[in-house]
Each structure stands twice: as C-alpha cells, then as structure tokens.
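Enquirer: Prediction below, plus the sequence it came from.
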Amino acid sequence: MNDTIIGDGELEPVDPDSVLPFAVPGLDIRGRTVRLGPLLDSILLRHAYPPAVSRLLGEAMALTALLGTAMKIDGRFQLQTSTDGPVSMIVVDYRVPEAIRPYARFDADAVAAAERDGRATPADLLGHGHLAMTVDPGAGMQRYQGVVALSGQSLEDVAHDYFAQSEQIPTRVRLAVAETMIRNGDGAKAGWQAGGILIQFLPDSPERLRRGDLHPGDAPDGAATTGEVEDDAWLEARSLVETVEDHELTDPGLALETLLFRLYHERGVRVFSPQPLIDRCGCSRDRVAEMLARFQPEERAEMIVDGEIVVTCEFCSSHYHFDPTQFTVPSDQN
C-alpha cells in the first residue's frame with residue numbers, strides 16, 4: 001500500500017464515501033478516517049428513516065467502515081445492536097473489499113415521542129442491551145465475535161469499551177453525523193453526511209502499550225488512577241483527536257487530508273491509498289427463492305397475499321414476487 005507524507009506536495013482530495021488509512025510514526029499510532037456522503041444520503045432516502053434514526057444509523061455506518069476496512073482477509077464484518085430502546089436493532093454489514101449495507105428496526109411512535117421530548121440522542125435511542133461485532137472470514141473458517149454491553153451509552157463510548165475489553169489496544173474513536181447543504185449543478189440541497197476517525201496506539205514495547213491503556217484520573221499532572229503515568233505519545237495523540245469537532249468530520253468541503261494535517265503535521269502524518277465504499281446488497285431473486293423453498297408448505301401458505309408471495313429485503317428495500325406454485329413438489333416426486 002503506497003503512502004504519502006502530508007505536506008510533501010499537493011494531494012488529490014479523497015473522494016467521498018471512502019476510508020483513508022494513516023499513520024503517525026512519531027506518536028506510534030495508526031488510524032483511519034472516513035467520510036460518507038452520497039452513499040449515506042441515498043440509503044437514508046431509500047428507507048425514509050426519521051431524522052434521529054438516520055443520525056444513529058449514520059454513526060453506525062461510519063464506525064463499521066472504520067472497523068471493517070481494517071480486515072486483511074476476504075470476508076465480512078458485521079456490527080449489530082440488540083436493545084430495549086426505541087431503536088431495537090441496528091445491523092451494518094461490510095463485505096471486503098468495499099460493499100456496505102445497513103438496516104434499522106425501530107418503534108416509530110417511540111422515536112417520534114423521543115424527538116418531541118428532546119430525548120433522541122443515539123444513546124437515548126439505543127437504551128440497554130448489547131452490541132456484537134462479528135468477523136466472518138468465510139471459506140469454512142471460524143468466525144470471531146466480540147460482545148459488549150450497551151447501557152445508555154453512545155456508539156463512541158461502546159467502541160472504547162469494546163477495544164478495552166476485547167482487543168486490549170488503546171483506541172480512540174470520534175463519530176459525527178449531520179444534515180448539511182450540498183451544492184451541485186442545480187443549486188443546493190440538504191443531504192446527509194457522516195464522518196469518523198479512529199486511532200490506535202501500537203508501540204513496539206509491551207510496557208509502553210500497557211501504559212497507553214491507562215486512563216487519567218483525579219491525580220495531578222495526568223497521573224492515572226493506578227498511580228502510574230500514561231505514555232506521553234498516546235496522551236498527545238489522544239488529546240489531539242479529542243479536539244476534533246463534529247463539523248470537521250462532516251464538512252464535505254474539508255478534505256480528510258487537511259483534517260489529518262491539522263491534527264498531526266508536527267509529527268509527520270502519512271496517508272495510504274483510500275479504500276472506497278459502495279452501496280451493495282447481497283440479496284438476489286435466486287437466494288430469496290432458495291430461502292422460501294426451505295419453508296414447510298403450510299408456512300409458505302401463510303405468506304400468500306392476493307395469490308402471491310412478496311418478500312422485501314430489509315437492507316435494500318428490493319421487492320421479490322413469487323408464484324406460490326413454483327415451490328410445489330410434483331406428485332410423482334412425493
């Protein structure tokens with residue numbers, strides 16, 4: 001993967017709907033930043049989600065893109081929540097090397113009430129439950145799944161808990177979603193934008209890695225609650241990324257390279273080849289037909305409406321119409 005030091009010359013801005021990997025050798029960190037624009041907007045428009053649900057799903061998509069594009073093998077990464085909040089389930093599915101598809105299940109009345117009452121933050125909508133992150137390499141290889149509790153937290157906070165518990169790699173994540181005015185040839189229109197940045201502390205020394213996992217407490221001069229001091233490089237890297245404002249992550253006029261230069265130019269930030277993202281669902285008529293064929297005849301009979309079976313994909317909203325008789329087994333094969 002080619003790399004370029006930001007500041008060495010003019011860089012072509014990364015296209016929207018892509019992830020930009022980067023590294024800051026001077027601080028022993030590697031990371032990725034993401035910007036979602038037309039892809040996110042078209043997905044949310046297709047599903048006609050309420051604004052609060054759109055913001056939550058946009059955050060989940062940005063987080064999935066940051067994590068899924070880190071996979072070094074073919075396969076699939078999936079983020080899924082299961083909670084008691086107004087949004088009871090979110091699924092975002094990423095397939096190497098570029099396909100992403102999301103879905104949200106929610107109680108429309110509960111979401112509307114939350115929006116009226118000003119209690120529609122991502123943490124409010126999620127409520128309590130759990131978040132699972134699954135890596136499926138495919139080809140008969142074993143899946144890996146990490147599960148972390150959700151208890152009224154934001155997706156940023158949950159991501160931090162996940163890495164502290166499952167990966168034990170010092171990690172910091174920032175996510176943001178906004179509906180902004182986007183200029184085009186016909187003028188300007190409102191459109192959804194999402195962005196995120198993830199950094200991880202990866203020093204060669206295990207001792208430094210352990211110090212990077214500490215969290216500052218009430219002791220003076222940044223002393224950790226254990227009486228030890230955090231690694232200076234990680235403290236600097238994390239402090240800088242915490243200064244990133246939401247509008248910097250979602251502004252389509254601010255190149256990701258420019259954002260990284262603002263943060264880490266004094267330490268020599270390097271960017272790598274961007275990884276594009278596309279809106280692609282894995283459903284097809286043949287796959288849906290295979291699924292229906294596995295049901296018992298009486299189960300398929302209950303699906304018939306007006307003489308046909310109609311299946312709608314929850315991810316892409318595609319509709320598949322079937323004649324129930326095509327699943328009938330000829331009498332001479334009974």
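Expert: On my side now, so go ahead.
Enquirer: Show me where the protein dips below the pLDDT cut-off.
Expert: The chain contains residues with pLDDT under 70 at 1-3, 5-14, 181-188, 214-229, 329-334.
Enquirer: Identify, by residue count, the longest helix of it.
Expert: Ordering each helix of the chain by length in residues (DSSP state H) puts helix 51-68 first.
Enquirer: Between helix 51-68 and whichever helix or strand comes after that helix, find me the angle.
Expert: For helix 51-68, the following helix or strand on the C-terminal side (DSSP states H and E) is strand 76-83. Computed by axes from the mean of the first three to the mean of the last three C-alpha atoms, to 10 degrees, the angle separating strand 76-83 from helix 51-68 equals 140 degrees.
Enquirer: For strand 76-83, which strands pair with it and how are they oriented?
Expert: Sheet pairing of strand 76-83 (DSSP bridges) gives strand 87-95 (antiparallel), strand 128-136 (antiparallel).
Enquirer: Can you report how many residues lie near Asp323?
Expert: 11 (other C-beta atoms under 10 Å). No exception for glycine: its C-beta is placed from N, CA and C like everyone else's.
Enquirer: Between the two ends of stretch 88-101, how far is it?
Expert: This stretch, stretch 88-101, spans 18 Å end to end (C-alpha to C-alpha, to the nearest Å).
Enquirer: The closest residue to Arg101 other than its chain neighbours: how many residues sit nearby?
Expert: Using C-beta to C-beta, 6 or more residues apart in numbering and skipping residues adjacent in sequence, the residue nearest Arg101 is Phe315, 4.4 Å away. Number of residues near Phe315 (other C-beta under 10 Å) recorded here: 20.
Enquirer: burial count for Glu266?
Expert: By the criterion of other C-beta under 10 Å, Glu266 has 12 neighbours.
Enquirer: Quick one: classify it as helix, strand or coil.
Expert: helix (DSSP: H, G, I helix; E, B strand; the rest coil).
Enquirer: What separation is there between it and Ala289?
Expert: From Glu266 over to Ala289 the distance is 59 Å, taken as C-beta to C-beta, to the nearest Å.
Enquirer: Repeat that for Ala178.
Expert: The value you get for Ala178 to Ala289, if C-beta to C-beta is used, is 41 Å.
Enquirer: mind putting the strands paired with strand 76-83 in JSON lines, mean neighbour count and distance to Phe272 included?
Expert: Listed next are the strands paired with strand 76-83 as JSON lines, based on neighbours: other C-beta atoms under 10 Å; distance: least, C-beta to C-beta, whole Å:
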{"stretch": "strand 87-95", "mean neighbour count": "22", "distance to Phe272": "18"}
{"stretch": "strand 128-136", "mean neighbour count": "17", "distance to Phe272": "21"}
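Enquirer: how about JSON lines for these, with distance to Arg210 added?
Expert: What follows is the strands paired with strand 76-83, written out as JSON lines (distance: least, C-beta to C-beta, whole Å):
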{"stretch": "strand 87-95", "distance to Arg210": "31"}
{"stretch": "strand 128-136", "distance to Arg210": "24"}
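Enquirer: and of those strands, who's closest to Pro170?
Expert: Pro170 lies closest to strand 128-136 among the strands paired with strand 76-83, at 17.7 Å (C-beta to C-beta).
Enquirer: C-terminal to that closest one, what's the next element?
Expert: Strand 128-136 is succeeded, C-terminally, by strand 144-151 (DSSP H and E).
Enquirer: quick check: angle from that next one to strand 128-136?
Expert: Using the same axes, to 10 degrees: strand 144-151 against strand 128-136 is 160 degrees.
Enquirer: what comes into contact with strand 144-151?
Expert: Defining contact as C-beta atoms under 8 Å, 6 or more residues apart in numbering, one finds that strand 144-151 is touched by 81, 83, 126-135, 158, 161-162, 165-167.
Enquirer: Just the CA trace of that strand, in PDB.
Expert: Extracted in PDB, the C-alpha atoms of strand 144-151 (Å, rounded to 0.1, in the frame of the first residue of the first chain):
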ATOM      1  CA  TYR A 144     -14.900 -14.400  15.800                       C
ATOM      2  CA  GLN A 145     -17.400 -12.300  17.700                       C
ATOM      3  CA  GLY A 146     -16.900  -9.800  20.500                       C
ATOM      4  CA  VAL A 147     -19.900  -8.600  22.600                       C
ATOM      5  CA  VAL A 148     -20.100  -5.600  24.800                       C
ATOM      6  CA  ALA A 149     -22.900  -4.300  27.000                       C
ATOM      7  CA  LEU A 150     -25.000  -1.300  26.000                       C
ATOM      8  CA  SER A 151     -26.200   0.700  29.000                       C
END
